[in-house]
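Visitor: build me a model:
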Amino acid sequence: MLRIAIIIGSTRPGRKGEAVGKWAYDIAQQRKDADFEIVDIAEFMLPLLDEPMPASTGQYSQEHTRVWSAKIASFDGYVFVTPEYNHGTCAALKNAIDFLYQEWINKAAGFIGYGSTMVLRPTLFYPVLPTLQHLRLILASLQVATVRVQVGLSMFTDFENFSVFKPAPIHAKHVNDMLDQLIAWSGALRSLRRVEVAK
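Guide: A predicted model of the protein is given here:
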């Protein structure tokens, strides 16, 4: 069974990401094609990147890095839940990604983003958030395949008084559409990961 992490990418006090991540997890739990787990980066207490060696070497000197590495390595794919700060992803998530390298390679990722500017850049079917485009560029350098379907949530329409998460019903379909692609790609990339292990 494929294992998919739903990564809550914000550590900010009063964050909305926890509610969004749990909502996505509840939707995912109704499926039978993968095992899902919430991974909250706030629980790993990662400092600003403090490893002396590049992540690509896999030479980790800090216990928090080794714990984070073991968790991320255990998954076949990821759903990144991220706010949009200043038209980009949040620093805490970028920092967490930068701690590792091999653990991400030849896996797939999907996205759930939320912010106040999403409504200004809708597409015909799925909204475009700069934060998600930002993440796609970052993950491309880590050889992560990112799926096309993404979920964009607006602080104006999906949060009551900009605080209480009340997503429009259509977003549940978008989550499942994204997971359809993510699970298919995660399974397809498994063969590449086996080749790397066999080398």
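
Visitor: now for the lengthiest strand in the chain, which elements pack on it?
Guide: Determined from DSSP state E, the single longest strand within the chain is strand 107-115. When contacts are defined as 3 or more C-beta pairs under 8 Å, 6 or more residues apart in numbering; DSSP states H and E, strand 107-115 packs onto helix 17-28, strand 77-83, helix 130-140, strand 144-146, strand 151-154, helix 170-198. Where C-beta positions appear, they are placed from N, C-alpha and C, glycine not excepted.

Visitor: need the winner for burial among the ones you listed.
Guide: When you average the neighbours per residue for each of the helices and strands packed on strand 107-115 (mean count of other C-beta atoms under 10 Å), strand 77-83 leads with a mean of 27.

Visitor: which of the residues in the very next helix or strand once past that one are buried?
Guide: Next helix or strand after strand 77-83 toward the C-terminus (DSSP states H and E): helix 91-98. Buried positions in helix 91-98, judged by neighbour count with 16 or more other C-beta atoms under 10 Å: 92-94, 96-98.

Visitor: quick one, helix 91-98 and helix 130-140 angle?
Guide: Orientation of helix 91-98 against helix 130-140 (axes from the mean of the first three to the mean of the last three C-alpha atoms, to 10 degrees) gives an angle of 10 degrees.

Visitor: please renumber the chain so that the first residue is 47 from this point on.
Guide: Got it, the first residue is 47 from now on, which makes the last one we talked about helix 137-144.

Visitor: which secondary structure elements does helix 137-144 contact?
Guide: helix 176-186.

Visitor: including pLDDT, could the buried residues of helix 137-144 go into JSON lines?
Guide: Output for the buried residues of helix 137-144, formatted as JSON lines (pLDDT from 0 to 100):
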{"residue": "138", "pLDDT": "97"}
{"residue": "139", "pLDDT": "97"}
{"residue": "140", "pLDDT": "97"}
{"residue": "142", "pLDDT": "98"}
{"residue": "143", "pLDDT": "98"}
{"residue": "144", "pLDDT": "98"}
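
Visitor: among those, which one lies nearest to residue 120?
Guide: residue 142 (15.3 Å; C-beta to C-beta).

Visitor: could you measure from the closest one over to residue 212?
Guide: Using C-beta to C-beta, to the nearest Å, residue 142 is found at 28 Å from residue 212.

Visitor: follow-up on the earlier one: so which of the buried residues of helix 137-144 is the closest to residue 107?
Guide: residue 144 (15.2 Å).
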